[in-house]
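Asker: After the sequence you'll find the predicted model.
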Amino acid sequence: MLCYCGSAIQFNDCCNTYLSGANAAPNAEALMRSRFSAFCLKDPEYLLTTLHKDARAKESKKALIRSFGNTEWRSLKVIRSQQGKSGQQTAEVEFAAFYLEGDAGGQLHERSRFIFEEGRWFYVDGDILPPISLTRNEPCWCGSGRKLKKCHPE
């Protein structure tokens with residue numbers, strides 16, 4: 001099966017290598033993609049492990065599990081990925097993640113911040129941005145493989 005993160009690579013050769021603990025994500029974008037896959041799989045352990053220690057103290061496993069609710073994450077679109085300035089161990093990744101909650105579709109558009117510490121990348125925090133617009137000829141956000149205009153045109 002293809003990876004949840006939309007990389008067009010087999011899951012076992014993509015995000016699962018990070019989710020299983022076999023490897024650490026080599027960069028911030030790979031970490032963000034693997035965290036999306038963890039949300040798809042409702043894996044609180046990985047999400048907490050890859051959350052920066054300063055933010056981890058604020059997030060509990062129970063709260064994270066509750067947040068999963070009946071949300072079904074469907075697709076991910078990476079908009080921009082940028083390393084920090086030379087010598088800095090920071091990065092930002094802007095993405096739009098699409099989901100179904102019940103019968104309603106939704107979108108999380110975020111600019112996330114990451115830091116490299118102790119030989120690993122960690123998610124620090126992010127700014128929620130206004131939803132992006134998809135063009136009619138883009139693949140549909142629901143993951144059907146059809147174009148938006150043929151699947152969810154509204």
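Answerer: Received the coordinates, thanks.

Asker: what packs against the helix or strand bottoming out on mean pLDDT in the chain?
Answerer: Across the helices and strands of the chain, mean pLDDT, DSSP states H and E gives its lowest value to helix 53-56, namely a mean of 84. With contacts taken as 3 or more CB pairs under 8 Å, 6 or more residues apart in numbering; DSSP states H and E, helix 53-56 sits against strand 120-129. Glycine gets a C-beta too; all of them are placed from N, C-alpha and C.

Asker: The strand it packs on - contacts with which helices or strands?
Answerer: Packed next to strand 120-129, using 3+ CB pairs under 8 Å, 6+ apart, are helix 28-41, helix 53-56, strand 104-117.

Asker: Now find how far off-centre that strand is within its chain.
Answerer: 10 Å (CA atoms, centre = their mean, to the nearest Å).

Asker: ok, now stretch 119-135?
Answerer: That offset, for stretch 119-135, works out to 8 Å (CA atoms, centre = their mean).

Asker: who touches it?
Answerer: Defining contact as CB atoms under 8 Å, 6 or more residues apart in numbering, one finds that stretch 119-135 is touched by 24-25, 27-28, 30-32, 35, 50-55, 77, 79, 91, 94, 96, 107-116, 141, 148.

Asker: Looking at that stretch now, give me its mean pLDDT.
Answerer: What stretch 119-135 shows for mean pLDDT is 94.

Asker: so is residue 137 in a helix, a strand, or just coil?
Answerer: State at residue 137, reduced to three classes by DSSP: H, G, I helix; E, B strand; the rest coil: coil.

Asker: ok, the nearest residue in space to it that is not next to it in sequence to residue 13 distance?
Answerer: Excluding the flanking residues, the one nearest residue 137 by CB to CB, 6 or more residues apart in numbering is residue 147, at 5.5 Å. Using CB to CB, to the nearest Å, residue 147 is found at 27 Å from residue 13.

Asker: part of a helix, is residue 62?
Answerer: Yes. The assignment for residue 62 is a helix, going by three-state DSSP.

Asker: That one and residue 13: what is the separation?
Answerer: Taking CB to CB as the measure, residue 62 falls 33 Å from residue 13.

Asker: on that earlier part again, surely the residue nearest to residue 137 meets residue 141?
Answerer: No. Counting by CB atoms under 8 Å, residue 147 does not reach residue 141; the two are 11.1 Å apart.
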